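Student: sequence first, predicted model second:
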Amino acid sequence: MPRLPPSLFWKARREISPLAASLLPACRDLQSTANELRWIKEHVQDTKSPIPAKIRVWRLVEKRAKGIPLQYVLGTQPFGDLEIKCRPGVLIPRPETETYTLHLATLLTQSHPPPPSLSILDLCTGTGCIPLLLLHSLQTTLPQTTPITIHGVDISPTAIALARKNHTHNPPPSPSPHHTLTFTQHDIFSPTLLSTLYPPNQNQKLPQIDLLTSNPPYISPHDFTHHTARAVRNHEPRLALVPSPTQLADGSNSRYACRPEDVFYAHLLEIAKAVRPRRVLMEVGGWEQAVRVVGMVFLGGEGGKDRGGGGGVGGYEVEVWRDEPAAAAASSGATGDGVERVEVAGREVVVRGVGRGRAVYLRLRED
Amino acid sequence: MLRPLTSLRSLFRPAGILCGRHGAPTSLELRNSFTTSVVANLKQLPPRPKHPPESEIEESYLKGSGPGGQKINKTNSAVQLKHIPTGLVIKSQATRSRTQNRKIARDLLALKLDELANGAQSRVAIVSDTKRKRAASKAKKSRRKYRKLAGAEGEVEGEEGEEGELEGGVGEGREQQHVEGSVGAEEGVTQRENGEGGKKEEGR
């Protein structure tokens, strides 16, 4: 981390406030220092406490100056129209996640014909931000009578407790008996995952799942020590960031011949192969990882005849979404029809939006 | 801008009812009769302008350098809008919520466009005009009061002319100046933001 010049501290003192100078090492630049100090003051104004406001501001600034993420200091992070509670031990929702979740909700509501019912499964849910925002957006746009069933799963009991809190913290605008959202604590590598979530009925068939989403840990141990921000490394849970082989049921990751950071994708694709969801969305850590995950989808070969063969998942249209999937593709990468395409493993893949590679989106081909 | 005024109005209404019940005019009721003109002006304010169509807007989120996603956690909620036909650029980082900032930026852009199109008849101009008139009338009252006090001490001086001049000065000439400063005044927070955003853009 480059050293900040003393002049910048003086500038923060003079132009913003003496408190800003102590925030500067954590925020790194004047603009975000001014913003964060203002947000801290607003937070103190908006919440009641017997302690004088000045002291509370000072205490919060002191916490933030130690490098604790602002979301843990204030206890919340806005996510779409929701306010998600954040506690140490659970990953803070990122703005990129917010952007693609909102885009995903628009895709679901704009599909023709409108879905008669929706069943959504979110793995590695953390604060529960993705299912909560999906439910909120779908509730406000789809007819009230459309049944929506959402399951959120996480291995961490802290995360599940927080997700449930967030569910009660963000009540639906108009409660409906057709909408259910449940959070379950479960290891997604456990073989009993699906039978726990969807108890087998007489005909022993899994229900049709419309959407499988996941923001799994995807940082390699090397990237975690070298290319991850200090605030993230020191204060956010490693469990949510770095896939660790001990999380696997059999105690090793030898089951999947892939890089350590891609283990979760290999397993998610395995789950996708078993339940055949209509759409799958997996967040990835950048362009290279997106290409690797697309390669894993294609591994099995062409079309629908490869089901279960060789580890690939057949029958899906594959797209890569950038940070802002709704934006028009940058002119440099776009072909004649304005759609950007890249070739992965000898097949063309559509790339949406602008920014860095952020998610891999699969859509089941309708036969 | 509207909020303090509406709260004022609601403050005065129950007072008026109370006075009516007592029968005798009180100082409160008197004040109420003064405020009616302001309330009437309020009703005539043009509505908030509508957002321009999305096809005319180029939106970008200002992101820091680096990989994004789980690896960093920057509170980068800033939203920048560019109105393609006019080239206007609006930036908002008023709140921590990107969704909220997108709405604020669109509101600001709509106000700016309204100002460009309608000039002195735009909402911004009329709002600032109302504000200025009220401030002028307040200043006038205060001057009158202190002159009266001074007069009671026997130092009556011919200051009538000054007052008249000031009243006359409330006119066309100053319009432009006030419009400039008033876009941000619409929303307390965004005003600050606009200033900072503007500075940043100049720097680039």
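Tutor: Sure, I can see it. Numbers count the residues shown, from 1 in each chain, chains lettered A, B, ... in the order given.

Student: so is the host helix or strand of residue B:106 next to chain A?
Tutor: According to DSSP states H and E, residue B:106 maps onto helix B:98-118. Yes - interface with chain A: helix B:98-118 contributes B:98, B:99, B:100 (C-beta under 8 Å from any C-beta of the partner chain). From N, CA and C alone the C-beta is placed, and that goes for glycine too.

Student: for the residues you listed, which one is nearest residue B:76?
Tutor: For the residues of helix B:98-118 next to chain A, the residue nearest residue B:76 by C-beta to C-beta is residue B:98; the value is 8.4 Å.

Student: go ahead and confirm the closest one touches residue B:61.
Tutor: Yes - if you go by C-beta atoms under 8 Å, residue B:98 and residue B:61 touch, sitting 6.8 Å apart.

Student: can you map out the helices along the stretch 151-300 of chain A?
Tutor: For the stretch 151-300 of chain A, the helices defined by DSSP state H, counting those that start in this stretch cover A:157-169, A:193-197, A:221-226, A:230-235, A:263-275, A:287-298.

Student: restricting to C-alpha, output the third one in PDB.
Tutor: Meaning helix A:221-226. Presented in PDB, the C-alpha positions along helix A:221-226 are these (Å, rounded to 0.1, in the frame of the first residue of the first chain):
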ATOM      1  CA  PRO A 221      -5.000 -18.600  -1.300                       C
ATOM      2  CA  HIS A 222      -2.300 -16.800  -3.200                       C
ATOM      3  CA  ASP A 223      -4.700 -14.000  -4.300                       C
ATOM      4  CA  PHE A 224      -6.000 -13.700  -0.800                       C
ATOM      5  CA  THR A 225      -2.600 -12.900   0.600                       C
ATOM      6  CA  HIS A 226      -1.400 -10.800  -2.300                       C
END
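
Student: just list what the longest helix belonging to chain B packs against, helices and strands only.
Tutor: Secondary structure of chain B per DSSP state H: the longest helix is helix B:123-152. Using 3 or more C-beta pairs under 8 Å, 6 or more residues apart in numbering or on different chains; DSSP states H and E, the elements in contact with helix B:123-152 are helix B:27-44, helix B:98-118, helix B:160-169, helix B:175-185.

Student: swap in 6 Å and give it another go.
Tutor: Applying 3 or more C-beta pairs under 6 Å, 6 or more residues apart in numbering or on different chains; DSSP states H and E, we find helix B:123-152 packed against helix B:98-118, helix B:175-185.

Student: buried sites along the first one?
Tutor: Put plainly, it is helix B:98-118. Buried residues in helix B:98-118, counting neighbours by 16 or more other C-beta atoms under 10 Å in any protein chain shown, are found at B:98-102, B:104-115.

Student: what does the pLDDT read for the residue of chain B found nearest chain A?
Tutor: Nearest to chain A, among the residues of chain B, is residue B:97, at 3.2 Å (C-beta to the nearest C-beta). We have a pLDDT of 93 for residue B:97.

Student: which strands or helices does the helix holding residue B:106 pack on?
Tutor: Counting contacts by 3+ C-beta pairs under 6 Å, 6+ apart, helix B:98-118 packs against strand B:79-83, strand B:88-92, helix B:123-152.

Student: any chance of the ones you listed in a markdown table, plus mean neighbour count and mean pLDDT?
Tutor: Shown next, in a markdown table, are these (neighbours: other C-beta atoms under 10 Å in any protein chain shown; pLDDT from 0 to 100):
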| stretch | mean neighbour count | mean pLDDT |
| --- | --- | --- |
| strand B:79-83 | 19 | 93 |
| strand B:88-92 | 21 | 93 |
| helix B:123-152 | 15 | 91 |
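
Student: before we move on, back to that, do you know which of the helices of the stretch 151-300 of chain A lies nearest chain B?
Tutor: Smallest distance to chain B across those (C-beta to the nearest C-beta): 5.2 Å, for helix A:230-235.

Student: quick one: buried residues of the closest one?
Tutor: A:231, A:232, A:233, A:235.

Student: quick one: it near chain B?
Tutor: Yes - counting by C-beta under 6 Å from any C-beta of the partner chain, chain B is contacted by helix A:230-235 at A:231, A:232.

Student: in terms of secondary structure, what does that helix contact?
Tutor: Counting by 3+ C-beta pairs under 6 Å, 6+ apart, no packing neighbours are recorded for helix A:230-235 among the helices and strands.

Student: alpha carbons of it, as PDB, please.
Tutor: What follows is helix A:230-235, C-alpha atoms only, in PDB (Å, rounded to 0.1, in the frame of the first residue of the first chain):
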ATOM      1  CA  ARG A 230      -6.400  -5.300   3.700                       C
ATOM      2  CA  ALA A 231      -9.900  -4.400   5.100                       C
ATOM      3  CA  VAL A 232     -11.300  -7.500   3.500                       C
ATOM      4  CA  ARG A 233      -8.400  -9.800   4.500                       C
ATOM      5  CA  ASN A 234      -8.400  -8.700   8.100                       C
ATOM      6  CA  HIS A 235     -12.100  -8.300   8.900                       C
END
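
Student: give me the contact list for it.
Tutor: If you take C-beta atoms under 6 Å, 6 or more residues apart in numbering or on different chains as the criterion, helix A:230-235 is touched by A:67, A:68, A:69, B:73.

Student: again with stretch B:84-99
Tutor: By C-beta under 6 Å, 6+ apart, the surrounding residues in contact with stretch B:84-99 are A:35, A:39, A:78, A:80-81, A:95, B:56, B:58, B:77-82, B:101, B:104-105, B:108-109, B:112, B:189-190, B:193, B:197.

Student: tell me the confidence at residue 186?
Tutor: Just so you know, I chose chain A. 95.

Student: ah, no, chain B please
Tutor: Looking at residue B:186, its pLDDT stands at 37.

Student: also residue A:348?
Tutor: Residue A:348 is given a pLDDT of 89.

Student: please name the bridge partners of it.
Tutor: Per DSSP bridges, the residues bridged to residue A:348 are residue A:343.

Student: quick check, it in contact with residue A:339.
Tutor: No - between residue A:348 and residue A:339 there is no contact under C-beta atoms under 6 Å: 10.0 Å.

Student: got the angle for the strand of greatest length in chain A vs helix A:263-275?
Tutor: Counting residues, the longest strand found in chain A (DSSP state E) is strand A:354-364. Angle, strand A:354-364 to helix A:263-275, by axes from the mean of the first three to the mean of the last three C-alpha atoms, to 10 degrees: 30 degrees.

Student: packing partners of strand A:354-364?
Tutor: strand A:279-283, helix A:287-298, strand A:316-324.

Student: go through the helices and strands packed on helix B:123-152 and find the least confident stretch.
Tutor: helix B:175-185 (a mean of 35).

Student: I'd like the distance between residue A:366 and chain B.
Tutor: Residue A:366 sits 29 Å away from chain B, taking C-beta to the nearest C-beta, to the nearest Å as the criterion.

Student: an error on my part: the question was meant for residue A:208.
Tutor: According to C-beta to the nearest C-beta, residue A:208 and chain B sit 30 Å apart.

Student: give me the pLDDT for that residue.
Tutor: Per-residue confidence (pLDDT) for residue A:208: 89.

Student: which residues are in contact with the spatially most central residue of chain A?
Tutor: When chain A is reduced to its mean C-alpha position, the nearest residue by C-alpha atoms, centre = their mean turns out to be residue A:215, at 4.0 Å. Going by C-beta under 6 Å, 6+ apart, residue A:215 touches A:97, A:283.

Student: ditto for the one 5 residues further on
Tutor: Taking C-beta under 6 Å, 6+ apart, we find residue A:220 in contact with A:260, A:261.

Student: what parts of chain A come near chain B?
Tutor: Proximity of chain A to chain B, by C-beta under 6 Å from any C-beta, involves residues A:35, A:39, A:69-70, A:78, A:80-81, A:92, A:95-96, A:228-229, A:231-232, A:241, A:285-286, A:356.

Student: quick one on the thing from earlier: quick check: neighbours shared by residue A:348 and residue A:339?
Tutor: The contact sets of residue A:348 and residue A:339 do not overlap (C-beta under 6 Å, 6+ apart).

Student: helix/strand/coil for whichever residue of the stretch 1-150 of chain A sits closest to chain B?
Tutor: Nearest to chain B, among the residues of the stretch 1-150 of chain A, is residue A:78, at 3.2 Å (C-beta to the nearest C-beta). In three-state terms, and counting by DSSP: H, G, I helix; E, B strand; the rest coil, residue A:78 is strand.

Student: understood, closing this out.
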